[in-house]
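Participant: attaching a predicted model along with its sequence, questions to come.
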Amino acid sequence: MSAIFGENLTFTQEDGGDVELVAFGDDKYARYETMDGYTVVYDTQQGGYCYAEQYGSGTGRRFSSTGVRVPEGPPENLPRHLREGQEFRRNQVMDRFATMIPPDERAAIRPDAMLTFGPNQGLLPGDRVSEGDVRGLTILVTFPGTNTTVTREDVDDMLNSPNFSGNGNRCSVKEFFRTMSTDRLRFTNTVVGPFRMSRPRLAYANVEGLLVPEAIQAAFDAGVDFSRFDSQGRGIVDSVCIMYAGRTEYKGDLWPHNWVHRQAYDGMRTELYTVTSMGRAPDDLSIGTYCHESGHLLCRWPDLYDYGTAEREGDDFTSAGMGTYCVMGAGNHLGDGRTPSPVCVYLRRLVGWCGQDVDIARADNYVAKHGDYDTALIYQHPQRADTEYFLVENRSRDDFDVNLTASGLAVYHCDIDGSNEFQQGTSAHHYQCALMQADGHLDLETNANQGDGGDLYGPTEGTALSHSSRPASLWWDGSESGLTISQVSGPGAVITFRTGTQGVAGISVAGKSSPAAVISAESAGGLTDAITLQGLGTVRELEVSIDIAHPRIGDLRVVLLSPTGRRAVLHNRTGGSTNDLRLSLDSRPPSLLAPLVGEGVTGEWKLRITDAAESSTGKLLHWELHVRTAT
């Protein structure tokens with residue numbers, strides 16, 4: 001279930017004319033806009049994409065076509081960014097999910113639990129085939145009028161070769177799963193075809209339910225023995241993948257997805273399948289989406305992203321979930337899909353791919369090795385040990401992590417009863433696997449990005465994570481977990497860290513500076529002065545005093561930055577023509593210093609002053625910091 005949230009993509013129309021659109025959604029529900037923000041739908045009568053309008057009202061609003069093709073320009077007074085109603089979107093998604101649940105299981109599963117909830121101990125319903133020698137069936141299909149130079153040998157190499165590096169891919173699909181599972185899963189594929197489908201390519205994009213049965217039937221009619229693909233003797237084909245000719249079309253049956261097709265073939269039954277594209281030429285082949293969809297099919301992993309537009313229990317906000325930090329989030333797209341992100345330790349552990357749990361509850365020094373996919377560093381809830389816990393992992397920028405935006409120690413807050421649909425972070429609504437973003441910005445929860453350079457824990461002499469840091473190591477119900485991480489070393493093949501209480505609560509640390517430095521409006525960056533503090537723990541209370549000589553304080557902006565770069569704006573061009581700025585602030589709420597509570601103490605604290613007027617200059621005479629720590 002590969003998601004696209006705001007990417008520019010090229011779509012094909014019946015007359016052969018391509019159109020560039022922005023796509024939002026996945027195979028269960030998607031919306032499309034022109035580059036200038038007008039919502040469009042595919043109009044089969046017009047043979048192309050047309051501007052959309054709405055009919056109905058309230059939560060049942062739906063799209064219809066205006067009949068005006070995109071190249072003709074939008075109809076007069078048509079609003080941008082139209083949305084269908086929440087109830088309609090929800091019903092569309094729930095109808096799609098209902099077809100995936102076996103009829104005899106539907107009564108026991110809440111429809112809402114079929115989103116990113118893992119109703120089966122964190123996993124999706126259905127049998128896992130995540131260990132041993134598993135042979136999948138990959139069926140190649142082409143369409144009348146759609147050409148590809150990709151051969152069966154090209155696909156076989158991408159799926160099975162022990163040394164595949166074609167087109168910049170990190171490895172083959174087989175090697176990806178062998179590496180992630182520490183050789184527990186040996187997943188190979190038999191590639192058959194290509195088979196020519198009966199309809200043009202766009203017919204399968206615009207009418208759902210045609211591609212998969214026709215492709216599987218074509219393989220059966222060609223004499224493929226389905227019993228060869230039943231590793232567990234269930235009478236069920238373990239894995240079916242349909243790869244179609246041409247570039248990926250994010251629409252209908254052609255949207256890359258994992259779903260169910262139950263059909264008997266000479267005593268064998270098909271069940272789960274995936275669909276993806278093989279491209280127009282060998283240069284288009286990439287392993288990322290294939291690995292993501294196979295993760296659903298083989299391991300029953302849920303998506304670790306937010307479906308957003310599918311309103312559920314009042315939540316229709318789109319967050320980023322795990323972002324690029326897992327192949328089951330947005331990590332399958334890293335490196336243009338050629339070096340996907342690893343499977344995060346949370347999902348590996350759910351399917352038994354971690355042979356060693358290292359309990360980090362005891363105060364001690366610990367080692368996190370990069371690429372050690374067999375080990376889980378874990379801190380468990382005392383009453384809910386199998387349900388809620390923290391996991392720690394080395395995600396230094398190397399190997400499968402080479403394209404991450406951050407590098408360092410990752411800390412995940414996990415709860416198999418959670419869902420990456422829920423970004424609220426409350427006791428009732430929280431992620432299934434949440435990355436504790438070290439900068440405290442919650443950019444993944446607010447959908448600001450899919451990951452940035454401040455997400456992972458870098459070198460920290462004092463306390464990096466505790467009950468009072470931001471983010472804090474609290475259980476989802478708000479109670480103290482007791483997890484404290486300190487003395488984190490820098491990114492690399494090995495990261496060392498310590499757990500257990502560091503320092504003593506209430507220690508005072510102070511620093512001062514009297515630079516008498518000129519604040520010049522000619523410098524775009526203004527004046528920056530630093531005070532270096534040394535001390536274990538995090539900020540519980542903070543006081544700052546500043547003395548600036550200046551003829552017009554309304555021209556000044558003053559910002560205090562913590563060692564991690566988190567900032568608090570202390571003065572922002574107020575006060576008009578008043579002379580000189582003397583500030584004395586503390587962190588008692590409400591306070592301008594509130595964003596810095598919970599930051600680590602050790603490092604350079606910077607005061608940045610900018611002057612908006614060229615006609616006057618001033619001086620930073622003196623400033624002081626006083627910190628009382630927490631552990």
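Facilitator: Everything's here; your move. Numbering: from 1, shown residues only.
Participant: could you use CA atoms for every contact and neighbour count after this?
Facilitator: OK.
Participant: Ala281 contacts Arg152, correct?
Facilitator: No. Counting by CA atoms under 8 Å, Arg152 is not a contact partner of Ala281; they are 11.8 Å apart.
Participant: worst-scoring helix or strand of this structure, pLDDT-wise?
Facilitator: Lowest mean confidence among the helices and strands of the chain (mean pLDDT, DSSP states H and E): helix 86-98, at a mean of 72.
Participant: show me what that one is packed against.
Facilitator: Contacting helix 86-98 under the criterion 3 or more CA pairs under 8 Å, 6 or more residues apart in numbering; DSSP states H and E is no other helix or strand.
Participant: show me what whatever helix or strand comes next after it is in contact with.
Facilitator: Downstream of helix 86-98, the first helix or strand assigned by DSSP states H and E is strand 132-142. Residues outside strand 132-142 that contact it (CA atoms under 8 Å, 6 or more residues apart in numbering): 152, 184-197, 215-216, 219, 228-231, 237-245.
Participant: stretch 614-623 too?
Facilitator: With CA under 8 Å, 6+ apart as the test, stretch 614-623 has contacts from 512-522, 544-552, 611.
Participant: out of the contacts of strand 132-142, which sit inside strands?
Facilitator: Using DSSP state E, the subset of the contacts of strand 132-142 located in strands is 185-196, 240-245.
Participant: distance of the residue nearest the centre of the chain relative to Val224?
Facilitator: Central residue of the chain (CA atoms, centre = their mean): Gly323, 1.6 Å from the mean position. Using CA to CA, to the nearest Å, one obtains 39 Å as the distance from Gly323 to Val224.
Participant: this structure: helices as residue ranges?
Facilitator: Here the chain has its helices, by DSSP state H, at 86-98, 152-160, 173-180, 201-206, 211-221, 288-299, 345-350.
Participant: dump those helices to a markdown table, plus distance to Leu620.
Facilitator: Formatted as a markdown table, the helices of the chain follow (distance: least, CA to CA, whole Å):
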| stretch | distance to Leu620 |
| --- | --- |
| helix 86-98 | 54 |
| helix 152-160 | 62 |
| helix 173-180 | 55 |
| helix 201-206 | 65 |
| helix 211-221 | 70 |
| helix 288-299 | 53 |
| helix 345-350 | 49 |
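Participant: nearest to Ala410, out of these?
Facilitator: Comparing these against Ala410 with CA to CA, the closest turns out to be helix 345-350 (10.0 Å).
Participant: who touches that closest one?
Facilitator: With contact meaning CA under 8 Å, 6+ apart, helix 345-350 is reached by 122-123, 180-181, 301, 354, 373, 376, 391, 393, 412, 414, 433.
Participant: so which of those residues is the closest to Ala361?
Facilitator: Distances from Ala361 to these, taken by CA to CA, are shortest for Leu391, at 11.2 Å.
Participant: what bridges to the closest one?
Facilitator: Taking DSSP bridges as the rule, Leu391 bridges to Ile378, Tyr412.
Participant: check the burial of it by counting its neighbours.
Facilitator: Neighbourhood size, Leu391 [other CA atoms under 10 Å]: 25.
Participant: try the one 5 residues further on
Facilitator: The burial count assigned to Ser396 is 26, neighbours taken as other CA under 10 Å.
Participant: now do it, the pLDDT please.
Facilitator: Looking at Ser396, its pLDDT is 97.
Participant: and it, how far from Pro471?
Facilitator: Taken as CA to CA, the span from Ser396 to Pro471 is 20 Å.
Participant: next one: Tyr42
Facilitator: For Tyr42, the distance to Pro471 equals 44 Å [CA to CA].
Participant: and for Leu334?
Facilitator: Applying CA to CA to Leu334 and Pro471 gives a distance of 26 Å.
Participant: could you do Gly58 as well?
Facilitator: Gly58 is 38 Å from Pro471, where distance means CA to CA.
Participant: then Asp36?
Facilitator: Asp36 is 37 Å from Pro471, by CA to CA.
Participant: higher neighbour count, these two?
Facilitator: Pro471 (19 against 10).
Participant: quick one, phi/psi of the nearest residue to that one once chain neighbours are set aside?
Facilitator: With CA to CA, 6 or more residues apart in numbering as the criterion, Pro471 has its nearest non-adjacent residue at 5.1 Å, and that residue is Gly440. Main-chain torsions, Gly440, degrees, to the nearest 10: phi 70, psi 10.
Participant: now do Asp183
Facilitator: Note on Asp183: backbone dihedrals following degrees, to the nearest 10 are phi 70, psi 20.
Participant: ok, now which ones touch the nearest residue to it once chain neighbours are set aside?
Facilitator: Taking CA to CA, 6+ apart, and ignoring the residues beside it in sequence, Asp183 has Phe177 as its nearest neighbour in space, at 7.8 Å. Contact partners of Phe177, counting by CA under 8 Å, 6+ apart, are Asp183, Leu185, Arg186, Phe187, Cys291.
Participant: as JSON lines, the residues you listed with distance to Val367 would be great.
Facilitator: Below are the contacts of Phe177 laid out as JSON lines (distance: CA to CA, whole Å):
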{"residue": "Asp183", "distance to Val367": "23"}
{"residue": "Leu185", "distance to Val367": "26"}
{"residue": "Arg186", "distance to Val367": "28"}
{"residue": "Phe187", "distance to Val367": "31"}
{"residue": "Cys291", "distance to Val367": "29"}
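Participant: from these, which would you call buried?
Facilitator: The neighbour count (16 or more other CA atoms under 10 Å) marks Asp183, Leu185, Arg186, Phe187, Cys291 as buried among the contacts of Phe177.
Participant: would you mind splitting this protein into its domains for me?
Facilitator: 4-82, 131-299, 323-499, 508-630 (automatic domain parsing).
Participant: measure the closest residue to Trp475 other than its chain neighbours to Pro162 for me?
Facilitator: Nearest residue to Trp475, sequence neighbours excluded (CA to CA, 6+ apart): Ser481, at 5.7 Å. Distance, Ser481 to Pro162, by CA to CA: 44 Å.
Participant: ok, now Ala464?
Facilitator: From Ala464 to Pro162 the distance is 40 Å (CA to CA).
Participant: any idea how far stretch 213-229 is from the middle of the chain?
Facilitator: 36 Å (CA atoms, centre = their mean, to the nearest Å).
Participant: measure it end to end?
Facilitator: One end of stretch 213-229 sits 17 Å from the other (CA to CA).
Participant: now it: mean pLDDT?
Facilitator: Stretch 213-229 shows a mean pLDDT of 97.
Participant: buried set for it?
Facilitator: Glu214, Ala215, Ile216, Ala218, Ala219, Phe226, Ser227, Phe229.
Participant: quick one: contacts for Ser469?
Facilitator: Thr538, Val539, Val597, Gly598, Glu599, Gly600.
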